[in-house]
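Asker: Build me a structure from this.
(chains A and B)
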There are 2 protein chains.
Amino acid sequence: MTDSAVTIVVDALGGDDAPPVVLAGVEAALAADPTLMIVLTGPADVVDPFSATHDRVRAVATTEFIDMAEHPANAVRTKKDSSIVVGCRLVRDKEAAGFFSAGSTGACMAAATLVMGRIPGVSRPAIATVVPASERASVLLDIGANADVKPENLVQFGLMGRAYAQVVLGVSEPSVGLLNIGEEPTKGSMLAQEAHALMVDAVPGFIGNVEGRDIAAGTTDVIVTDGFTGNVALKLLEGLAKTLLTQVKDAMTSSPVRSLAAAVLRKPLMELKERINPDVYGGAPLLGVRGICIIGHGSSNARAVAAGIAVAARAARGHLTGRIEQAVAL
Amino acid sequence: MTDSAVTIVVDALGGDDAPPVVLAGVEAALAADPTLMIVLTGPADVVDPFSATHDRVRAVATTEFIDMAEHPANAVRTKKDSSIVVGCRLVRDKEAAGFFSAGSTGACMAAATLVMGRIPGVSRPAIATVVPASERASVLLDIGANADVKPENLVQFGLMGRAYAQVVLGVSEPSVGLLNIGEEPTKGSMLAQEAHALMVDAVPGFIGNVEGRDIAAGTTDVIVTDGFTGNVALKLLEGLAKTLLTQVKDAMTSSPVRSLAAAVLRKPLMELKERINPDVYGGAPLLGVRGICIIGHGSSNARAVAAGIAVAARAARGHLTGRIEQAVAL
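Answerer: Down below sits the predicted model:
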């Protein structure tokens, strides 16, 4: 059975090494998915020649660019012909089923929220990520869209994260945990205690509190927290994984005999590095907007771009937006 | 030059494997420090024979025990002859310069706060830890004493953490960072923004915001956060370090040839494991009370107990309490 045809808009200007890395990522995504179609937004001299030489790629030339350093909401309001704003508009107008960019996270969030609009009933969209530290992946959200939240927001994050785990990780009945600093419902911050009380009734699959160690351990399919804690945790995770693997490598190459031994171990260690590589999971979804919006790391390579596009396609084919609509309406 | 004589009270009942592990830890601490003296609190049949057979150990028999599962404040109020409460009382009465326990964190906190009292001007004592993930260690606080804090509390955490880094890590002018989710002062939660504004003037060595990746990277001597975020970060750090090292080991022993190669790499990897081993840093200080109180992991082994006692001795010899008094009074 082949997947159904799906169209994803890709921001040709998103990321530190755009456009070349984005174009290479689009090529890889198309090669991996025979029924995928791409709309590429960006300057005419980038998108037109690429579209002319690639089947299944349509160009939509745009004239403006939103820099990583710009104030996101202002940039989105004033640069209506930017690759990001036009990309979100194409999703709103049903010319594409999803949007991927490795550009400014803030600008993508602002554009998706303003242009696509929020799903009815969702007060705060959240950014999720798939945490790849263990063999069983977990969806962690919010990882930075909302530094200050209310308990009701955390309830919705649980519902939205659950829909994402179903569609993208393929877990039929995902477990949902609330990140807290103790197992008992009465432990932790006022926010966490109030959220716990609400989530017990409102979130299917709710298993109660989970702790910091669970983020890397893969004990829970969905881990819910505010955007402050989630962002700190994610950056700590990325930083520590990098530091530890470098230290392992250094330890292994500290003498000729050790280097020789390390050569034998290259393959299993590369496999481990691969397993914890965020590129493989490709981008962070903004959940709660009326359309699929996947945001890649600014440092994305071609492979990460391809993975992000693939995630957008999977989310679109799995009707993620509709599922979230249903989940928050119940 | 020998260190000055110092007396530390040790809770013989603290920890999952107490008393044997605690007694072994006391022996190791005494062996490493010729001018250290120990007061041991616990049941007479444990502390008396040990004192009789060990120089520099005085026994103070107690009749009560606070379990890990008890409500901390209630237990401390009712069990006045417990090894924890008596230990804190001995510090208050100047019979010892510091207290170490690997027992219930909550009970130690409650006992130290109620019995020793808070340092004048300190509204919320905080628990700190030394984060050992990189070559340069950082002091992280609060790691769980205060799930909800005000900006003024974070200012005091910065001052107290700085005094601890001076005394225990030996850094003369420690840098202090505020854990946040962006570098600019206007980023992050309301709490972090308000704390940033206060810390600029109030905390010497304040370098502004740091992010999750800095916790493991050793970029800053002191990292200040609320007890919710700090606890999540610490547990994530411990969990991930353990998971990753296990995965490295598994990768290395997945075939006979690999096991052979791994044997060569055993030493450098053990050194790495050692470097990130929390046992080496021995326990978490409760800062802001009128006396030294170091709390060990419940799972402490003898080495961790010895390290915790050594930290208590170093803090006492460096006049940590007086330094914190001065820092918060300025």
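Asker: Beyond the longest helix along chain A, next helix or strand please.
Answerer: When chain A is parsed with DSSP state H, its longest helix is helix A:227-252. Next helix or strand after helix A:227-252 toward the C-terminus (DSSP states H and E): helix A:256-264.
Asker: ok, residues contacting that following helix?
Answerer: Helix A:256-264 has contacts (CB atoms under 8 Å, 6 or more residues apart in numbering or on different chains) with A:249, A:251-253, B:257-258, B:260-265, B:268. For glycine as for every other residue, the C-beta is placed from the backbone atoms N, C-alpha and C.
Asker: now with 7 Å?
Answerer: Residues from elsewhere that reach helix A:256-264, judged by CB atoms under 7 Å, 6 or more residues apart in numbering or on different chains: A:252, A:253, B:257, B:258, B:261, B:264, B:265, B:268.
Asker: go on, stretch A:138-150?
Answerer: With CB under 7 Å, 6+ apart, stretch A:138-150 has contacts from A:109, A:124-131, A:153, A:157, A:161, A:164-165, A:169, A:215, A:218, A:220-228, A:230-231, A:234, A:284, A:287, B:181, B:188-190.
Asker: Now restrict those to buried residues only.
Answerer: A:109, A:124-131, A:153, A:157, A:161, A:164-165, A:169, A:215, A:218, A:220-228, A:230-231, A:234, A:284, A:287, B:181, B:188-189 (16 or more other CB atoms under 10 Å in any protein chain shown).
Asker: if we can go back for a sec, could you dump the contacts of helix A:256-264 into TSV with pLDDT added?
Answerer: Converted to TSV, the contacts of helix A:256-264 look like this (pLDDT from 0 to 100):
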residue	pLDDT
A:252	74
A:253	77
B:257	77
B:258	76
B:261	75
B:264	73
B:265	71
B:268	69
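Asker: Rebuild those as CSV, extending it with distance to residue B:75 and neighbour count.
Answerer: Formatted as CSV, these follow (distance: CB to CB, whole Å; neighbours: other CB atoms under 10 Å in any protein chain shown):
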residue, distance to residue B:75, neighbour count
A:252, 49, 26
A:253, 52, 16
B:257, 55, 10
B:258, 50, 17
B:261, 52, 22
B:264, 51, 18
B:265, 47, 24
B:268, 45, 19
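Asker: which of those residues lies closest to residue A:4?
Answerer: residue B:258 (43.5 Å; CB to CB).
Asker: residue ranges with poor pLDDT in the stretch 201-330 of chain A?
Answerer: Counting by pLDDT under 70, the stretch 201-330 of chain A shows low-confidence ranges at A:268-270, A:272-281.
Asker: Close to chain B: what parts of it are there?
Answerer: A:211-213, A:215-217, A:228-229, A:231-241, A:243-244, A:247-248, A:251-252, A:254, A:257-258, A:261-262, A:264-265, A:268-269, A:271-272 (CB under 7 Å from any CB of the partner chain).
Asker: about what we covered before: mind checking which of the buried ones among the contacts of stretch A:138-150 are in strands?
Answerer: Counting by DSSP state E, the part of those found in strands is A:126, A:127, A:128, A:129, A:130, A:131, A:222, A:223, A:224, A:284, A:287.
Asker: ok, and the closest non-adjacent residue to the residue of the stretch 1-150 of chain A found nearest chain B?
Answerer: Residue nearest to chain B within the stretch 1-150 of chain A: residue A:147 (4.1 Å; CB to the nearest CB). Leaving aside its sequence neighbours, residue A:147 sits nearest to residue B:189 (CB to CB, 6 or more residues apart in numbering or on different chains; 4.1 Å).
Asker: what do you get for residue A:115?
Answerer: Nearest residue to residue A:115, sequence neighbours excluded (CB to CB, 6+ apart): residue A:88, at 4.0 Å.
Asker: burial of the one you found, as a residue count?
Answerer: For residue A:88, the tally of surrounding residues (other CB atoms under 10 Å in any protein chain shown) stands at 30.
Asker: just checking, what packs against the host helix or strand of it?
Answerer: Using DSSP H and E, residue A:88 sits in helix A:83-92. With contacts defined as 3 or more CB pairs under 7 Å, 6 or more residues apart in numbering or on different chains; DSSP states H and E, helix A:83-92 has these neighbours: strand A:6-11, strand A:36-42, strand A:98-101, helix A:105-111.
Asker: Can you list the strands that the second one pairs with?
Answerer: Spelled out, it's strand A:36-42. Strand pairing for strand A:36-42, determined by DSSP bridges: strand A:6-11 (parallel), strand A:57-61 (parallel).
Asker: tell me the angle that strand makes with helix A:83-92.
Answerer: Angle, strand A:36-42 to helix A:83-92, by axes from the mean of the first three to the mean of the last three CA atoms, to 10 degrees: 140 degrees.
Asker: which parts of the helix or strand following strand A:36-42 are buried?
Answerer: On the C-terminal side of strand A:36-42, the closest following helix or strand by DSSP H and E is helix A:44-53. Across helix A:44-53, burial judged by 16+ other CB under 10 Å covers A:46, A:47, A:50, A:51.
Asker: which strands and helices sit next to helix A:44-53?
Answerer: Packed on helix A:44-53, when contacts are counted by 3+ CB pairs under 7 Å, 6+ apart, are strand A:36-42, strand A:57-61.
Asker: Can you give the domain ranges for chain A?
Answerer: A:1-122+A:288-320, A:132-278 (automatic domain parsing).
Asker: I'd like these laid out as JSON lines, including distance to residue B:11.
Answerer: Supplementary listing: the domains of chain A in JSON lines, determined by distance: least, CB to CB, whole Å:
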{"stretch": "domain A:1-122+A:288-320", "distance to residue B:11": "47"}
{"stretch": "domain A:132-278", "distance to residue B:11": "22"}
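Asker: Of the helices and strands packed on helix A:83-92, give the one that comes closest to residue A:66.
Answerer: Here helix A:105-111 is closest among the helices and strands packed on helix A:83-92 (CB to CB), at 4.5 Å.
Asker: Next, the contact list for the closest residue to residue A:145 other than its chain neighbours, please.
Answerer: Closest residue to residue A:145 apart from its sequence neighbours, by CB to CB, 6+ apart: residue A:127 at 4.6 Å. Contacts of residue A:127 were listed using CB under 7 Å, 6+ apart, and they are A:141, A:142, A:143, A:144, A:145, A:284, A:286, A:295.
Asker: Just the buried residues out of those residues, in PyMOL syntax.
Answerer: Entered in PyMOL, the line below selects the buried ones among the contacts of residue A:127, by 16+ other CB under 10 Å:
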select buried, chain A and resi 141+142+143+144+145+284+286+295
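Asker: Of the contacts of residue A:127, which is the nearest to residue A:173?
Answerer: Out of the contacts of residue A:127, the member with the shortest distance to residue A:173 (by CB to CB) is residue A:141, at 18.1 Å.
Asker: returning to what we had before: need the contacts of helix A:256-264 in CSV (columns: distance to residue B:13).
Answerer: Converted to CSV, these look like this (distance: CB to CB, whole Å):
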residue, distance to residue B:13
A:252, 43
A:253, 47
B:257, 49
B:258, 44
B:261, 45
B:264, 44
B:265, 40
B:268, 38
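Asker: Closest one of those residues to residue A:330?
Answerer: Among these, and counting by CB to CB, the member closest to residue A:330 is residue B:258, at 50.7 Å.
Asker: any idea how far residue B:144 is from that closest one?
Answerer: 40 Å (CB to CB, to the nearest Å).
Asker: Secondary structure element holding residue A:209?
Answerer: Judged by DSSP H and E, residue A:209 forms part of strand A:206-210.
Asker: Nice, that's everything, thank you.
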